[in-house]
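Asks: missing the sequence, but the structure's below:
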C-alpha cells in the first residue's frame, strides 16, 4: 500500500491531496484564486505566485486532516513540476522538496498534462464527492489508448501506451481551447471564469444561429487552431472593424485587450456585446461552442483512423483537462464513443480542473518502478512530451 501527498500549483489553483494506492482519494482540497484574478479577466502570474505562498500550507494541513493520516505515514511527496507558470511551479516544488527532505521520503515530479489523463482512473470516495464511487476501475486494461487533453494552456492528442508513456499526435498551433473560451467570454461579456460562464450562456442559445468556421488545417491534420474562430466570433458580435480613415464617432467602441496595430490604433467597432439582447449573446455562445466541439470530435475521429492505419486500434478514449468539464463536450465524446464502439474515460467534474489528486495518483505508478527524483528537481514552464 502507498500513501502519497500530492501538491499542485501550476497555475491559479492551490491544491493538496492524499491518494491511497494510486486510485483512492482520501482527501482532495483545492483553493481557487478566481476572486483575485476576476478584475483582470485572466490569471496574473505574479498574483498567482503570491497567493500560492499564502495558501499552500493551510491547504496541505486541510488535506492531511481530511485524509485522517499523519505526515509520518506518507510514503512519498509528489508535485506537479511541469508545465505551468514558472513562479507558481517554484512555490509548489519548493514546498514539496522541504516536506520530502524533512520526512526522509521520496520526492516525485509529475508532468501536469500526463496527470490530467490519469485523473480518469481516480475514484473519489471522500465525503465531499458528489457521487462517491468505492470500486476502482483502473485504466491499465485500456491501453493503448487515445488521449485528449483540453485545458486553458493545452489542446493536445496523444497515443497513450501507459500512464507515463505518451506520444504527441497533434497540438494547438495558437490558442488552447480553454484560452479561446476565455477570450470568447470577454467578447460576449460573459464574466470570469470564462469557460464555465460561456458554457452556461451557450445552454440558452441556438447552436445553428451563426455559421462559424471549423478550423481543420488540412484533410489529415491532427493539429488545432482556434484563433480564427475567435476572430470570427468577434466580428459576428461587433461587426467588422470600421475603416481607419473614417472620422471617429463617439458611439464607436474600441476592442478591449486587443494588441495595437502597426499604426498605433486599436480597431473600432460600431457595437459590442452590451448592445445585443441576452438571446443574441446566448446564440453566439452556443454557435461558438458548437464549432469548438465539432472541431475536437473531428480530430478525434481522424486520430483513431491514423492509429488504426498504423497499428492497433485504441482500446479507449481518455479525456482530461479543465475543458473536459464542458457540458457539450462531455455529451459529444460519449456519443462519439458509442458510434466508434470505444470506451470513454472522463473524470468526474471535480477532477477535471487542476487538482492534486491526479498528481498523487500518477506518482504511485512512478514510485512502484522506482522512478523518483532528488532535491535538484527542476521546474519547467513548457511540456517536453513528444
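Replies: In hand now; what should we look at? Since the model is a prediction, treat every value here as computed from it, not as a measurement. Residues are numbered from 1 along each chain as shown.
Asks: okay, which residue is most central for this structure?
Replies: Nearest residue to the geometric centre of the chain (CA atoms, centre = their mean): residue 151, 2.4 Å.
Asks: what's the neighbour count on the nearest residue to that one once chain neighbours are set aside?
Replies: Leaving aside its sequence neighbours, residue 151 sits nearest to residue 321 (CB to CB, 6 or more residues apart in numbering; 3.5 Å). (C-beta placed from N, C-alpha, C; glycine too.) Residue 321: 28 surrounding residues under other CB atoms under 10 Å.
Asks: do residue 173 as well
Replies: By the criterion of other CB under 10 Å, residue 173 has 14 neighbours.
Asks: swap in residue 374?
Replies: Residue 374 - counted by other CB under 10 Å - has 11 other residues nearby.
Asks: quick one: residue 85 and residue 48 touch, right?
Replies: Yes: using CB atoms under 8 Å, residue 85 is in contact with residue 48, at 6.1 Å.
Asks: shared neighbours of those two, which are they?
Replies: Common contacts of residue 85 and residue 48 (CB atoms under 8 Å, 6 or more residues apart in numbering): residue 11.
Asks: ok, residues contacting whatever helix or strand residue 237 lives in?
Replies: Per DSSP states H and E: residue 237 is located in helix 227-238. Helix 227-238 has contacts (CB under 8 Å, 6+ apart) with 174-175, 180, 183-184, 187-188, 210, 212-215, 253, 255, 269-273, 276, 281, 284, 287-288, 291-292, 295.
Asks: Check the spacing between the residue nearest to residue 151 and residue 153 real quick.
Replies: 9 Å (CB to CB, to the nearest Å).
Asks: Find residues that contact each of these two.
Replies: Joint contacts of residue 321 and residue 153 (CB under 8 Å, 6+ apart) are residue 178.
Asks: Can you show me the strands along the protein?
Replies: In the chain, the strands defined using DSSP state E lie at 3-8, 13-20, 24-32, 76-82, 107-111, 123-124, 145-150, 155-162, 165-171, 253-254, 268-269, 317-320, 344-345.
Asks: just the buried members of the contacts of helix 227-238?
Replies: 175, 180, 183-184, 187-188, 210, 212, 215, 253, 255, 269, 272-273, 276, 281, 284, 287-288, 291-292, 295 (16 or more other CB atoms under 10 Å).
Asks: returning to what we had before: is it true that the residue nearest to the centre of the chain touches residue 178?
Replies: Yes: under the criterion of CB under 8 Å, residue 151 makes contact with residue 178 at 5.0 Å.
Asks: where do the contact lists of the two overlap?
Replies: With contacts taken as CB under 8 Å, 6+ apart, residue 151 and residue 178 have 321-323 as neighbours in common.
Asks: Reformat those as TSV; add pLDDT and distance to residue 235.
Replies: As requested, the shared contacts of residue 151 and residue 178 are arranged in TSV below (pLDDT from 0 to 100; distance: CB to CB, whole Å):
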residue	pLDDT	distance to residue 235
321	96	28
322	95	27
323	97	24
